[in-house]
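Quick check, what structure comes out for this input:
(chains A and B)
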Amino acid sequence: MLRTALRNVLAHKARLVMTVLAVCLGVAFVCGTLVFADSSAAAYRAAASKNFADIAVSVTPKEPPPGAAANQRTSVLDDALARKLAGVPGVTAMRPSVDGSATLNAADGSPLRAGKAWANLAAAYVPGEDGKDSRYPLVNGHAPRNGEELAVDSGTAVAGRLHIGDTVTLATDGPVMTKRLVGIVTTTDTRVTAGGTLALFDKTTAQRLFASPGHYTGIDLSAAPGTSQFELSDRVTAVLPADRAEATSGSAQAAQQGILVDTLTRGYEKLPLVFAGVSLFIGSFLIVNTFTMLVTQRTREIALLRAIGASRRQVVRSILWEALLVGLAASAAGSLLGLGIASVLPDVLSTGADTLPHGPLVIGPRPIVAALGVGVGVTVLAAWLPSRRAAKVAPVEAMRSAEQPPSTTRSRIRGAVGLVLLVLGAGLLISLTGAKDASEENLQSAMLGCAVLVIAVIVLAPLLAAPVIWLTGRLTGRFFGITGHLAQQNALRDPRRTAATASALMISTALVTGLAVIGNSTGQALDHQAAAGLGADYVISTRTPTTGIDPAAGQRVADTPGVRTATAVTDSTLFIGGRTQQISGIDPDTVNAVIKLDVVSGSLADLGPGRIAVSSTLAREHGLSTGGRINAGMGRNQGFKQYTVVAVYKDNPTAHDALGAHTEVQQNGFMPRSVQRILVRTDSGAVSKTTEDRLRTAVGNNPLLKVQDRQELVREAAGTMSNLLTLMYGLLAIGVVIASLGIVNTLAMSVAERTREIGVLRAIGMDRHGIRRMIRLESVTVAAFGTLLGLAGGLFSAWAVGALANGAMAQYSLALPWETLLLMCLVSLAIGAVAAAVPARRAAALRPLEAVAEA
Amino acid sequence: MTADPLAMHALHPTTGIAAATTDLSKVYGSGDTRVVALDRVSIAFREGEFTAIMGPSGCGKSTLMHCAAGLDSVSSGSVRIGTTELSTLNDRQLTQLRRDRIGFIFQAFNLLPTLTALENITLPLTIAGRRPDQQWLEHVVSMVGLSQRLDHRPSQLSGGQQQRVAVARALVSRPAIIFGDEPTGNLDSRAGAEVLGFLRDSVRGLGRTVVMVTHDPVAAGYADRVVFLSDGRLVDEMTHPTPDRVLDRMKAFDTRSRTS
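The predicted model follows:
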């Protein structure tokens, strides 16, 4: 049977090419993604092991136990301990380090690659015996020697256009500092080379900033040849004060970083793997369709095989062999294509601030096995259904000429199953519209509902084909006359085939519609939310949650020309009824100038120690009203305290869930004496570059702080949507490509089957143009059918799922992205027309004689 | 109805010849595989005449019809429909000529399965973008006895009924000439007789011109004239044939091929 299968594959090369292409595409995504992940993980690991190459043991201070005395809070890693460690037998070199984080300003005053504390490194330049720090080789200038001097790595210098002699503005956590750039170094630290920054201080300054004078944050030790890391680790541990410091071997550290790197790169796999999944899912319809067509085409041949004694199982096996061969070819081609994808992915995924390491492609067994498994598996599985149908071919059909009409009982079963699924899916989704929040459970039901709905529509599609295409046929018939009419009739001739062909477009259209609608609605809600309730013209806020604004800056902002009011807000948490809410500490006198509060009851003037205001949602959830009392824990204060509610205000994203007096919130804040936001009202509500620059100057050009007007706030909130947009257009592209492959395949088959009919049309006077138009219209009809079903399914799901978002986001309302939807429909229809090009040309080239000759 | 052929004459001034071939040759392949299907065939089909083309299998009778109808290209010689020389036409003009001036009836009926009987009948007019002459359409439809079955799909019709639809389709655009390729080949004798009756009626009553390829002496008996082809050459001709005379003539081919 293998030989029959091989012959069949070769005989239907052209037909199978499309199937191979579709599978190949999915396999390429799988293989490419995995190879890319392996390669970048290897590159990261190589860099990481370089970082730890000559570190045998690292000594780090232990976290002091909670409630430890003040003298225990300082690190025990001082020069005395360092000298003691250097004397441990087997240690050849000892390097103390002082590490922390610092954010720099570029030469033009804008923050440089800011926003990720872990990538904005700062360290001490600790010269060894030769006067140099071996970790940071100097390439230019000299090492920082006092508190006024600074060195950076070459990447940072280039990115920030910083030159030796420049005055650089930077901040570590609080106040802003300026230092003179005196040296440029190189580093192999992957966190820096992958798009971070490095600032080097002299030892004393770094100790003051990140530890305490005379202390270090870590001590690295190198081992003598013949001394193992673990041996040395044990010896070092014996010397350390047990509860204050610990020793970690270099390989353990490298392994730890390796795990971190792995989680990082696994993140990069997600999106391409989603594409792979979608393309394989859509592609499987193409496979089912192709093999069904091949089986139909070969009915007589199969019947003949059965008549001369082939068993059902042999017939099935022959088809599956064929699928296996096709799957193998596709997987091989896909793997090659995948390697190409893997080599360009680093450039595609890298953004300015986030450079992926380049390295040689690592082709491990995992991608190859996955590619083969997925490619062959999907093909064989998808061919299984058609092979069952082939097995049902009765030997007598070899003698029959006319095609049997499809049985009505099957379509009745199909209708029943489809309807049940439809009701299940829709019911599940509709039941969710009553849901109040986007809890994990609700989200899972929503996804399940959508999946069931998609399957229901796929099952029902052949039955829906007739009414939907009848409708579109009225349009094509009106505009294109007989060719339109014939196109409609031809599309309806085999509703199952039409439905299967349209499925690819349907799935991608549904996905894109759903994502587009939810994305657009969420985006608009975020837009509203970002600036909702904000009365201020500017918001100055911190870039990372672990930093605060120097309270003194508040006064400087208020004194800035053009500023009418500046109110400092301290953000903290309020632990109420088992949940953490956000509380804003405000000044009741000035709050009305910067936050548009709609007070339902009570008065904000009564805010004070022990007296808070709550949002109406919070009030409803806990049955609170003005004058009520509630136990809550504020900020780092662990104990509960009774608070009196003095006012209830309508939900306000700027004010958060609760308001408290500024002083009280600040006292309980995580960072003492700090504020998180300064809300600024300008004289006439004016927003200008000058004002913004003045405000920046007022906060000392601190790179840790953001100065944003309302529009920038909105834009920042909308920025989170861009990932979704990429995903959306990616899915649309995949769907369109695979759908067009499917359409080409189906049309080529239809043209081959209808050779004689097309010949008759030519003989009785339809010209080539008419034939071409007929085939093209048929294709567009199929595409329109898929698009319409997908559009309907996607819109319904988006509406139902949107209700969840509605519970979580007060501003959410269904907003249809008309332009995106229109674009999607046009692209889908256009793909129908384009996919028809080759089959239409082939049909038009048929000579009228074939109608007569092929008797 | 007799006015209609006259109207056609006015549009296409003719010499009384509906179609003609002159020294028509058709050669397939080259070298060792060279096959001469038609060898310098010259024949004219007169207007208002029912001609049958006969001959043993492989004599080239189908090829002659295909070439005369503009379905197949010729190797040398000329083919005219009315006064139009086919070799001068490009594909588009040829298509229009087929659409407007030639009717076809095939052995395998070749109706479009997705269209109703009426839609199939009017298809040539629909393609041309013309409205059918309602009177003429009704006349044709009632002549072939399909008035009650116009809404049926081909799959709901018997073979004889399908071929009657095909006859109506060939007649509806009032072509100058109708070509039939074994039109009774797939029918039983009763249905075949009906179809042949319609073809003869369309010649006698409607003044059409019909050329039919057949190997059935009974079918040939309906024609006004029978031409015999053998090995790609025109070998004989018979006017006012009867099935018996045609059968005798065909037997002569058999004996000759047996003795040769």
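
Around the closest residue to chain A within the stretch 101-250 of chain B, count how many other residues there are.
Of all residues in the stretch 101-250 of chain B, the one sitting closest to chain A is B:T114 (3.4 Å; C-beta to the nearest C-beta). No exception for glycine: its C-beta is placed from N, CA and C like everyone else's. B:T114 has 21 neighbouring residues, counting by other C-beta atoms under 10 Å in any protein chain shown.

And for the one 5 residues further on?
By the measure other C-beta under 10 Å, the count of residues near B:E119 is 20.

average pLDDT for the longest strand along chain A?
Using DSSP state E, we find that the single longest strand of chain A is strand A:563-576. For strand A:563-576, mean pLDDT rounds to 85.

same deal with stretch A:139-154?
89.

Name the residues of that stretch that are buried.
By neighbour count with 16 or more other C-beta atoms under 10 Å in any protein chain shown, stretch A:139-154 contains the buried residues A:141, A:143-144, A:149-153.

before we move on, back to that, which residue, other than its chain neighbours, is closest to the residue of the stretch 101-250 of chain B closest to chain A?
A:Q489 (3.4 Å; C-beta to C-beta, 6 or more residues apart in numbering or on different chains).

Which of the helices or strands spans the residue in chain B positioned nearest to chain A?
Minimum separation of chain B from chain A (C-beta to the nearest C-beta) falls at B:R99, amounting to 2.2 Å. Under the criterion of DSSP states H and E, B:R99 resides in helix B:91-101.

That helix - contacts with which helices or strands?
helix A:768-808, helix B:117-128 (3 or more C-beta pairs under 8 Å, 6 or more residues apart in numbering or on different chains; DSSP states H and E).

Show me what the last one packs onto, helices and strands only.
Secondary-structure packing of helix B:117-128 (3+ C-beta pairs under 8 Å, 6+ apart): helix A:440-493, helix B:91-101, helix B:134-143, helix B:159-172.

Correct me if wrong, but A:P703 is in a strand.
No - under DSSP: H, G, I helix; E, B strand; the rest coil, A:P703 falls outside any strand and is assigned coil.

Please report how far the residue in the stretch 101-250 of chain A that chain B sits nearest to lies from A:G155.
For the stretch 101-250 of chain A, the residue closest to chain B is A:G195, as judged by C-beta to the nearest C-beta, at 61.7 Å. Using C-beta to C-beta, to the nearest Å, we find A:G195 at a distance of 8 Å from A:G155.

Tell me how many other residues surround residue 85.
Picking chain A for this. By other C-beta under 10 Å, 23 other residues sit near A:L85.

wrong one, I was asking about chain B
B:E85 has 12 nearby residues by other C-beta under 10 Å.

May I see the domains of chain A written out as residue ranges?
A:109-210, A:428-532+A:714-855, A:551-698 (automatic domain parsing).

Return the most buried member of these.
domain A:428-532+A:714-855 (a mean of 21; mean count of other C-beta atoms under 10 Å in any protein chain shown).

so how far is it off the chain centroid?
25 Å (C-alpha atoms, centre = their mean, to the nearest Å).

Let me have the domains of chain A in CSV, extended by distance to A:S343.
What follows is those, written out as CSV (distance: least, C-beta to C-beta, whole Å):
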stretch, distance to A:S343
domain A:109-210, 18
domain A:428-532+A:714-855, 19
domain A:551-698, 42
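
among the ones you listed, which gets the worst mean confidence?
domain A:428-532+A:714-855 (a mean of 80).

Show me which residues of stretch B:36-51 are buried.
B:36-39, B:41, B:43, B:45, B:47, B:49-51.

which among those are in contact with chain A?
Subset of the buried residues of stretch B:36-51 in contact with chain A: empty, counting by C-beta under 8 Å from any C-beta of the partner chain.

did I read that right, the residue of the stretch 101-250 of chain B closest to chain A in a helix?
No - under the criterion used here (three-state DSSP), B:T114 is coil, not part of a helix.

which two in the buried residues of stretch A:139-154 are spaced the farthest apart?
Spatial extent of the buried residues of stretch A:139-154 (C-beta to C-beta) is set by the pair A:E149 and A:D153 at 15.3 Å.

low-confidence ranges in the stretch 1-150 of chain B?
Applying pLDDT under 70 to the stretch 1-150 of chain B flags the ranges B:1-15.

interface residues of it facing chain A?
So far as C-beta under 8 Å from any C-beta goes, the stretch 1-150 of chain B lies against chain A at B:62, B:66, B:71-72, B:91-92, B:95-96, B:98-100, B:103-104, B:106-108, B:110-115, B:123-124, B:126-129.

What parts of chain A come near chain B?
Residues of chain A lying near chain B (C-beta under 8 Å from any C-beta): A:481-482, A:486, A:489-490, A:492-493, A:756-757, A:759-768, A:770, A:847-849, A:851-853, A:855.

Can you show me the CA trace of stretch B:124-138 as PDB?
Taking C-alpha atoms only, stretch B:124-138 is exported to PDB below (Å, rounded to 0.1, in the frame of the first residue of the first chain):
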ATOM      1  CA  PRO B 124     -26.600  31.500 -24.900                       C
ATOM      2  CA  LEU B 125     -28.900  34.600 -24.900                       C
ATOM      3  CA  THR B 126     -28.100  35.400 -21.300                       C
ATOM      4  CA  ILE B 127     -24.400  35.200 -22.000                       C
ATOM      5  CA  ALA B 128     -24.800  37.500 -24.900                       C
ATOM      6  CA  GLY B 129     -26.800  39.800 -22.700                       C
ATOM      7  CA  ARG B 130     -29.900  39.600 -24.900                       C
ATOM      8  CA  ARG B 131     -33.500  39.100 -23.800                       C
ATOM      9  CA  PRO B 132     -35.100  36.100 -25.400                       C
ATOM     10  CA  ASP B 133     -37.800  36.700 -28.000                       C
ATOM     11  CA  GLN B 134     -40.700  35.400 -25.800                       C
ATOM     12  CA  GLN B 135     -42.800  34.200 -28.700                       C
ATOM     13  CA  TRP B 136     -40.000  32.300 -30.300                       C
ATOM     14  CA  LEU B 137     -38.900  30.800 -27.000                       C
ATOM     15  CA  GLU B 138     -42.500  29.600 -26.300                       C
END
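
could you give the angle of the helix or strand A:M728 falls within to helix A:768-808?
Assigned by DSSP H and E, A:M728 falls within helix A:722-753. Orientation note: helix A:722-753 sits at an angle of 150 degrees relative to helix A:768-808 (axes from the mean of the first three to the mean of the last three C-alpha atoms, to 10 degrees).

Can you name every helix or strand that the helix or strand following helix A:722-753 contacts?
Using DSSP H and E, the helix or strand that directly follows helix A:722-753 along the chain is helix A:755-763. Packing contacts for helix A:755-763, counted by 3+ C-beta pairs under 8 Å, 6+ apart, involve helix A:768-808, helix A:849-853.

check contacts around the residue lying closest to B:V165 once chain neighbours are set aside.
Spatial nearest neighbour of B:V165, excluding adjacent residues (C-beta to C-beta, 6+ apart): B:A117 at 5.0 Å. By C-beta atoms under 8 Å, 6 or more residues apart in numbering or on different chains, the residues touching B:A117 are B:111, B:146, B:149-154, B:157, B:161, B:165.

Good, wrapping up.
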